[in-house]
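Chemist: okay, sequence plus prediction incoming.
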Amino acid sequence: MQEAQFISLLWLIGILAEAMTGALSAGKKQMDLFGVVIIGCATAIGGGTLRDMLLGNYPLVWVENVHYLIAIAGASLLTVIIAPVMRYLSKLFLAIDALGLAVFSIIGAQKTLALGFSPVVAIVMGVVTGVFGGVIRDILCNQVPLIFQKELYAIISLMTAALYILLQHLGITEWVNLAISLGFGFGFRILAIKYHWSMPTFDYQYSSGH
């Protein structure tokens, strides 16, 4: 299997898993089936869509390959059917989400570099690809986005994208680069969940002095 095929397979697994997590969020807000599909799609492809719009990269991947959109919608609706057993798969979904974060961050950086942009822009777009589907999901579900809370999420995306670009700059073989970068992003996220690592928060309480 070529590197491109491997990363595409992981990307497909990632977007389907993200669609299902988005559908679950819609279910928690008691949305109808149309809402479930919209939230599932926004979660799965929102980050990549935003990246390509910011970079002027058209056509968008789901416009050019509409079967991806159909698969995402199908995964969202499937979630409605299998929702009763989803609680038993929570650890599996955490693992897939962690893998998806690493994969999306690397793909975002890859595509940005391929379009001729600088490494700094590539790192930023890696983060956009990795986390902004979740931001859109949380906003549509009327929640404070996960990345703006204490959890280590966006910082892991940034570090994964930066590591991939650094190793590429150093001339590391693509397969080795992918193994190291994916392993780093996935492992870091799993450890952050297990040990409750978090970012410091800013708590400002205004007092009028009365």
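Modeler: Nice, thanks for sending it over.
Chemist: do a quick rundown of the strands in the chain.
Modeler: Counting by DSSP state E, the chain yields no residue ranges for strands.
Chemist: quick one: contacts for the residue sitting nearest the centre point of it?
Modeler: Closest residue to the average C-alpha location of the chain: residue 130 at 3.6 Å, with Cα atoms, centre = their mean. Residue 130 makes contacts with 47, 101, 102, 104, 105, 108, 154, 157, 160, 161, as judged by Cβ atoms under 8 Å, 6 or more residues apart in numbering. (Each C-beta comes from the backbone N, C-alpha and C, glycine too.)
Chemist: can you put those in a markdown table and add neighbour count, distance to residue 92 and pLDDT?
Modeler: Converted to a markdown table, these look like this (neighbours: other Cβ atoms under 10 Å; distance: Cβ to Cβ, whole Å; pLDDT from 0 to 100):
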| residue | neighbour count | distance to residue 92 | pLDDT |
| --- | --- | --- | --- |
| 47 | 29 | 22 | 96 |
| 101 | 25 | 15 | 93 |
| 102 | 29 | 16 | 94 |
| 104 | 31 | 18 | 95 |
| 105 | 32 | 21 | 96 |
| 108 | 31 | 24 | 96 |
| 154 | 22 | 23 | 94 |
| 157 | 30 | 21 | 97 |
| 160 | 30 | 21 | 98 |
| 161 | 31 | 25 | 98 |
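Chemist: so which of the residues you listed sit within helices?
Modeler: Using DSSP state H, 47, 101, 102, 104, 105, 108, 154, 157, 160, 161 are the members of the contacts of residue 130 that sit in helices.
Chemist: the fourth one contacts residue 10, doesn't it?
Modeler: No - Residue 104 is beyond contact range of residue 10, at 9.4 Å (criterion: Cβ atoms under 8 Å).
Chemist: tell me which residues in the least confident helix or strand in the chain by mean pLDDT are buried?
Modeler: Here the helix or strand of the chain ranked lowest by mean pLDDT, DSSP states H and E is helix 3-28, holding a mean of 89. By 16 or more other Cβ atoms under 10 Å, the buried positions in helix 3-28 come out as 7, 10-11, 14-27.
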